[in-house]
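Q: Next comes the sequence, and after it the predicted model I'd like to discuss.
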Amino acid sequence: MNNTPIQLRIYTENWPISGTFRISRGKKTSAHVVVVELIDDVTGRGESVPYTRYGESLEQVVTTLESVRDKVISGRWDRSDIQRELPAGAARNALDCAFWDLEARRKGKRIWQLLGAPSPSPITTAYTLSLDTPTSMGRAASKENWRPLLKIKLGQDGDLERVAAIRKNAPNARLIVDANEGWCLAELEKKSCQFANLGVDLIEQPLPAAQDSVLDQFTHAVPLCADESCHTSDDIERIANRYEFVNIKLDKTGGLTEALAVKEAAQLKGMGIMVGCMVGTSLSMAPAFFLAQQVDYVDLDGPLLLEKDRDPGLQYEGSLLHPPDAKVWG
């Protein structure tokens, strides 16, 4: 713990999305983010993306962060205090990641050195096709068919036709489908077999999180991945018999600290790991990059979906994501 008083800066930003990003719950044209800066001789930064699915808004996240301002600027708080005092979610994520960045800069080390991990390697990220008509999604797939991994947003009538159109236009790509809680069990039973025949690797969050207990005894042709059903390491015991994989997002876990705990707990249960994201800038993706080392699936394409990213930002070489420069984060 460093007891030196620090300054806290909290602000919001709006980053236009290229086109419209649609999922089963709705659509968005901008990424609205909250940025936290912790400032002394150096500055640590963190970014989070409030998500209405979890009752979050920009205003709510800022209010939550302001409620702990005095404790933060006292310099007596560290990451363990954050885990106790703030709930999992976007507010804790921005603050937790800012503390990680601040510690790295204070010590003149990179994040992987603080973690006791080897130097990170480039990783291949999925590229997301947002929900649209089968014709439009097939057309989008034809433009991105050189990418090795595509993630397909589903959850409405015509899902089979959407995946078939994408498979036709991207015959060599691995496919993940994501229903965002948009199906019922009968739909999942039918679509699991259909998608297996289309070579789908993974089905993400097919059922509403509150209704997924039926998966305990469910036999399925394509592996299932929890997203909305898992936020923290406390959830792993409950979901381990329902899903083969878990999608870890820092905005759900409340930062890198808890995300690392989720990863460890899931691996102990024999679950596969996806590291995912909300639609945000490179400042959101950079902490998740270090979490995403040596996992099964990576979905950190947020900046690729924006009209423009931060400068400096992460380096994407097609779908290959390179380790963050220290100027970006960590």
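A: Arrived safely.

Q: what residue lies at the spatial centre of the protein?
A: Cys277 (1.9 Å; C-alpha atoms, centre = their mean).

Q: how close does that residue get to Asp309?
A: Using C-beta to C-beta, to the nearest Å, Cys277 is found at 13 Å from Asp309. Heads up, the C-betas are built off the backbone N, CA and C, glycines and all.

Q: before we move on, what about Arg238?
A: 36 Å.

Q: neighbour-wise, which of these two wins?
A: Asp309 (19 against 14; other C-beta atoms under 10 Å).

Q: Now do the SS call for that one.
A: Three-state assignment for Asp309 (DSSP: H, G, I helix; E, B strand; the rest coil): coil.

Q: Could you find the closest non-adjacent residue to it?
A: Distance criterion C-beta to C-beta, 6 or more residues apart in numbering; nearest residue to Asp309, sequence neighbours excluded, is Pro303 at 4.1 Å.

Q: So the residue nearest to the centre of the chain is in contact with Met285, correct?
A: Yes: with contact defined as C-beta atoms under 8 Å, Cys277 counts as touching Met285 (5.9 Å).

Q: just the strands in this structure please.
A: 7-23, 26-39, 43-48, 123-124, 127-129, 149-153, 174-178, 200-204, 224-226, 245-248, 272-275, 297-298, 316-317, 320-321 (DSSP state E).

Q: Switch these over to CSV; also include mean pLDDT.
A: Shown next, in CSV, are the strands of the chain (pLDDT from 0 to 100):
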stretch, mean pLDDT
strand 7-23, 94
strand 26-39, 94
strand 43-48, 98
strand 123-124, 98
strand 127-129, 97
strand 149-153, 97
strand 174-178, 97
strand 200-204, 98
strand 224-226, 98
strand 245-248, 98
strand 272-275, 98
strand 297-298, 98
strand 316-317, 98
strand 320-321, 98
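
Q: For Cys97, find the nearest of those strands.
A: strand 43-48 (3.2 Å; C-beta to C-beta).

Q: what comes into contact with that closest one?
A: Outside of strand 43-48, the residues within contact range by C-beta atoms under 8 Å, 6 or more residues apart in numbering are 33-38, 61, 90-91, 93-105, 250-251, 255, 280-281, 283-284, 287, 329.

Q: that older thread, measure the residue nearest to Asp309 to Gly199 for me?
A: 28 Å.

Q: same thing with Lys153?
A: Counting by C-beta to C-beta, the gap from Lys153 to Gly199 is 18 Å.

Q: ok so, going back, mutual contacts of Cys277 and Met285, please.
A: Common neighbours of Cys277 and Met285 (C-beta under 8 Å, 6+ apart) are Leu300, Gly302.
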